[in-house]
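Visitor: Below are the sequence and a predicted model; questions follow.
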Amino acid sequence: MSNILLGVTGCISAYKAASLIREFKKNGDDVKVILTQNGSKFITPLTLRTLSENKVYTSLFDDENEWSTEHISLSRWADIFVVAPASANIIGKFASGIADDLLSTTFLSFEKNVLIVPTMNESMFENKATVENIRILKERGVVVMEPEEGFLACGEEGKGRFPKVEKIFLLTNRLLFPEEKLRGKRVIITGGGTFERIDPVRVITNLSSGRMALSFAKASFFNKAEKILFVHGRMDEKPFDFSENVYVESSEHMKSVLEKNIDRYDILIMAAAVADFRPDYSKEKIKKKEEFDLKLCKTEDILKSLKDKKILKIGFALESEKHLEEGMKKLKEKNLDYIVINDKENLGKEKGSVVVISKNGEELSIKNVDKFEIALKVIEWIKF
Ligand SMILES: Cc1cc2nc3c(=O)[nH]c(=O)nc-3n(C[C@H](O)[C@H](O)[C@H](O)COP(=O)(O)O)c2cc1C
């Protein structure tokens, strides 16, 4: 787990830093907080100290520790420096190299990743000085998380809100993740289950939770993928926060979205449970009767239809018998680079076991681990 140095400044959203600390602590991270003098008007050091279980640092000239140079020791201790919320004032100080308090002085001595989360009134955020300061910081390698749009504390609507705590947590962990196998790569991931309409109110679907696909989205994000397009059907979970998410209903709809986009991507991870059959659609609601026959016909195989596309393709198969033999057959038929053979016991669960086969016949077996762990291991194993 990591050492997180959290800077908190004088913004109305400073109280949300408390939830962020809890998220880090739940993950087992050690958190130390630097609170600006103005920040302490919005949230007390006591709250931050209690949640972080550490002393809260508020002054460059701390009487209790007059022999130490805290701005240096905190910098060396931390794996990452997160400033959330970051006021327009601190952003200006960071950009111009002003070091007149503990937070700004620590920034100057910090040599690893810095993530700042600006939150303020929209006019302050769009002021040319703030825009220029943010541009300078980005150019110097500081990661800036865009604030969200919505209702602001000043009573106005606009861009400037503190983002969801889970998003800051995820982005911090992406920066801390040591690998970057997908840097510069554009990835399409399909997930969830498609559904096929029988009539205006009835559908056929399957029990896919979408968890495997979401794990691949998160693992691609951690591996620094440039862009993730997540094409998903019905899922138990909400879509991933850092991908472009396109909801599709039927297998035909999924196919058309993939066809439109595939040429602009490098990797396709086809983890969706696409319906194998679809009924003939009845425009009128089918009347209740004692019995009726539902005729189903085969849907078009999406991966097969994309056979000749020059993109690295990873398919998924769920086989109840002869797993490897059937998987290998599908890999050849669909011209895949890799196939992930899912155990049917994985369906809807947090954990799972898979066997991955490459087109050259190499095999990777992953047993009973979290689906995110599966996705990380698969990405680590595949060759581009
Ligand atoms: C009620 C109130 C709310 C404020 N909210 C914000 C804010 O959300 N974002 C911001 O950049 N400044 C905000 N400010 C202004 C800062 O507190 C001010 O610029 C201060 O100098 C920031 O100090 P610091 O960067 O040292 O913490 C607010 C001020 C007040 C009085």
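Guide: Sure thing, it's come through. Note that the structure is predicted; figures quoted are calculated from it, not measured.
Visitor: Now residue 126: closest residue in space that isn't a chain neighbour?
Guide: What sits nearest to residue 126 in space, not counting adjacent residues and going by CB to CB, 6 or more residues apart in numbering, is residue 159, at 7.7 Å. Where you see a C-beta, it was placed from the backbone N, CA and C, and this is true even at glycine.
Visitor: Sheet-wise, list the partners of the host helix or strand of that neighbour with their directions.
Guide: Per DSSP states H and E: residue 159 is located in strand 157-161. For strand 157-161, the paired strands and their directions (DSSP bridges) read strand 148-151 (antiparallel).
Visitor: so how far is residue 133 from whatever residue of the stretch 101-250 of the chain ends up closest to the ligand?
Guide: Here the stretch 101-250 of the chain gets closest to the ligand at one residue, residue 120, 3.4 Å apart by CB to the nearest ligand atom. Counting by CB to CB, to the nearest Å, the gap from residue 120 to residue 133 is 12 Å.
Visitor: who touches both of the two?
Guide: residue 88 (CB atoms under 8 Å, 6 or more residues apart in numbering).
Visitor: Give me the more crowded residue out of the two.
Guide: Neighbours of residue 120 and residue 133, each counted by other CB atoms under 10 Å, are more numerous for residue 120; the result is 28 against 21.
Visitor: where along the chain do the helices fall?
Guide: Using DSSP state H, the helices of the chain run over 16-26, 45-52, 70-77, 88-96, 102-109, 122-126, 128-139, 165-176, 211-222, 251-261, 302-305, 323-333, 371-381.
Visitor: Looking at the ones you listed, which is nearest to residue 37?
Guide: Nearest to residue 37 among the helices of the chain is helix 102-109 (9.3 Å), distances taken as CB to CB.
Visitor: What residues of that closest one count as buried?
Guide: 102, 103, 104, 105, 106, 107 (16 or more other CB atoms under 10 Å).
Visitor: and the stretch 1-150 of the chain, which residues reach the ligand?
Guide: Taking CB under 6 Å from any ligand atom as the test, the list of the stretch 1-150 of the chain residues beside the ligand reads 9-13, 36, 38-39, 87-90, 119-120, 124.
Visitor: 5 Å instead?
Guide: 9, 10, 11, 12, 36, 38, 39, 87, 88, 89, 90, 120 (CB under 5 Å from any ligand atom).
Visitor: For the fifth one, grab the count of nearby residues.
Guide: By other CB under 10 Å, 25 other residues sit near residue 36.
Visitor: That one is in contact with residue 9, isn't it?
Guide: Yes. Residue 36 is within contact range of residue 9, at 4.9 Å (criterion: CB atoms under 8 Å).
Visitor: Find residues that contact each of these two.
Guide: For the pair residue 36 and residue 9, residues contacting each of them under the criterion CB under 8 Å, 6+ apart are 87, 90, 103.
Visitor: So the first one is in contact with residue 10, correct?
Guide: Okay, so that is residue 87. Yes. Contact status for residue 87 versus residue 10: in contact at 5.4 Å, counting by CB under 8 Å.
Visitor: who's more crowded, these two?
Guide: Between residue 87 and residue 10, counting by other CB under 10 Å, residue 87 is the more crowded of the two (25 against 19).
Visitor: Give me the phi and psi for the spatially closest residue to that one that is not a sequence neighbour.
Guide: Leaving aside its chain neighbours, residue 87 sits nearest to residue 9 (4.1 Å; criterion: CB to CB, 6+ apart). Taking degrees, to the nearest 10, you get phi -120, psi 180 for the backbone angles of residue 9.
Visitor: Residues touching stretch 141-148, excluding its own?
Guide: The set of residues external to stretch 141-148 that reach it, using CB under 8 Å, 6+ apart, is 84, 94, 113-120, 125, 134, 137-138, 159-164, 167-168, 171, 175.
Visitor: oh, I was asking about stretch 312-321
Guide: Residues from elsewhere that reach stretch 312-321, judged by CB under 8 Å, 6+ apart: 212, 266-271, 273, 303, 306, 326-327, 330-331, 334-344, 347, 378, 382, 384.
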